[in-house]
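Peer 1: My questions are about this predicted structure, shown below with the sequence.
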Amino acid sequence: MLRQVKIMFNKSLLCVAGIAISSFVTASASADFINPQVPPWRGAPHTDFYGWESFTSAFGGPNLTNYAGTESGAALFNFGPGAFITGTGNLYGSSNPLSISIYGGLTAQVNEVILNIASIGTILNTNSVRLTISDNNGNSLSVNPGFMELRSDSAAPGGQGQIQTRAFRWIIQGMPFAATRFELGFASQTNNFSLDAVSADIHYVPVPGVFAMLALSGLVGVRPRRRNR
């Protein structure tokens, strides 16, 4: 009789846990971006825009860009074990923190980078957010964001943490080498972190055009002097 009561009690606990996880996963669909930082130069020449609104690989595999208006050329990986993909396409770290790396190529000298992260549950580890720029000769530059902002913050349903959108910004000046690729990395503080959406905007230093080069060389834009009569 006692064993039967214990079994019934354990089943009740599993049911309660299942309801809690189910409600968390369902609530995680409501995060998305809320008031993200959208640069005025998105979509302009000399820029790249990468975004993820759903995920397909929970651990070790590439998640390709799929946000509206996004480009190919970058992939997002999670290296935190114990994660799974929810029914709504979120990347959920159930037993361990998420450890995210975004890899992509660069086409010119980087001027500015903006990263938006939408999540629900436990809090993002803001100290983990870093941008690394490197070349093919072993040179690299790894920096923390110069600016960070909590763009939106509200309580998740059922006391399941916070629904947040955070933005991070880097201004890169005086690169000592010609970078060819980048990595954006971040992690959650603990488990029970659901990653809902990510975007990365990159602004390049414009390469001077032919007219600009001619102007710099003094071949155009010079008016003849008038002679005094």
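Peer 2: Okay, I see it.
Peer 1: Now do Gly93 against Ala187, distance only.
Peer 2: Gly93 sits 9 Å away from Ala187, going by C-beta to C-beta, to the nearest Å. Any C-beta I mention is one placed from the backbone N, CA and C, and that applies to glycine too.
Peer 1: okay, the two: which has more neighbours?
Peer 2: Comparing Gly93 with Ala187 by other C-beta atoms under 10 Å, the one with more neighbours is Gly93, at 27 against 21.
Peer 1: residue contacts, the more buried one?
Peer 2: 78, 80, 82-83, 188, 191-195 (C-beta atoms under 8 Å, 6 or more residues apart in numbering).
Peer 1: So the residue positioned nearest the centre of the chain: helix, strand or coil?
Peer 2: Nearest residue to the geometric centre of the chain (C-alpha atoms, centre = their mean): Val198, 4.1 Å. Under DSSP: H, G, I helix; E, B strand; the rest coil, Val198 falls in the strand class.
Peer 1: Pairing partners for it in the sheet, please.
Peer 2: In this entry, Val198 is beta-bridged to Trp52, Ile117, by DSSP bridges.
Peer 1: thinking it is in contact with Ser101, fair?
Peer 2: No - here Val198 lies out of contact with Ser101, judged by C-beta atoms under 8 Å, at a distance of 11.3 Å.
Peer 1: where do the helices sit along this protein?
Peer 2: Assigned helices in the chain, in chain order: 2-27, 210-217 (criterion: DSSP state H).
Peer 1: Strands of this protein, start to end?
Peer 2: Ranges of strands in the chain, per DSSP state E, are 47-52, 63-64, 74-78, 83-85, 91-93, 99-105, 110-121, 124-134, 140-143, 147-155, 162-171, 181-188, 193-204.
Peer 1: What helices and strands are in contact with the third one?
Peer 2: Based on contacts counted as 3 or more C-beta pairs under 8 Å, 6 or more residues apart in numbering; DSSP states H and E, the elements that strand 74-78 packs against are strand 47-52, strand 63-64, strand 99-105, strand 193-204.
Peer 1: Please apply the same query to the first one.
Peer 2: Under the contact criterion of 3+ C-beta pairs under 8 Å, 6+ apart, strand 47-52 touches strand 74-78, strand 99-105, strand 193-204.
Peer 1: quick one: stretch 94-105 to chain centroid distance?
Peer 2: Stretch 94-105 sits 10 Å away from the centroid of its parent chain (C-alpha atoms, centre = their mean, to the nearest Å).
Peer 1: Sorry, wrong one. I was asking about stretch 45-58.
Peer 2: Distance of stretch 45-58 from the chain centroid (C-alpha atoms, centre = their mean) equals 8 Å.
Peer 1: Quick check: buried residues in that stretch?
Peer 2: Residues of stretch 45-58 classed as buried: 47-53, 55, 57-58 (neighbour count, 16 or more other C-beta atoms under 10 Å).
Peer 1: give the contact list for the closest residue to Leu184 other than its chain neighbours.
Peer 2: Leaving aside its sequence neighbours, Leu184 sits nearest to Ile102 (C-beta to C-beta, 6 or more residues apart in numbering; 4.2 Å). If a contact means C-beta under 8 Å, 6+ apart, then Ile102 has 50, 74-77, 182-185, 198, 200 as its contacts.
Peer 1: Many thanks, have a good one.
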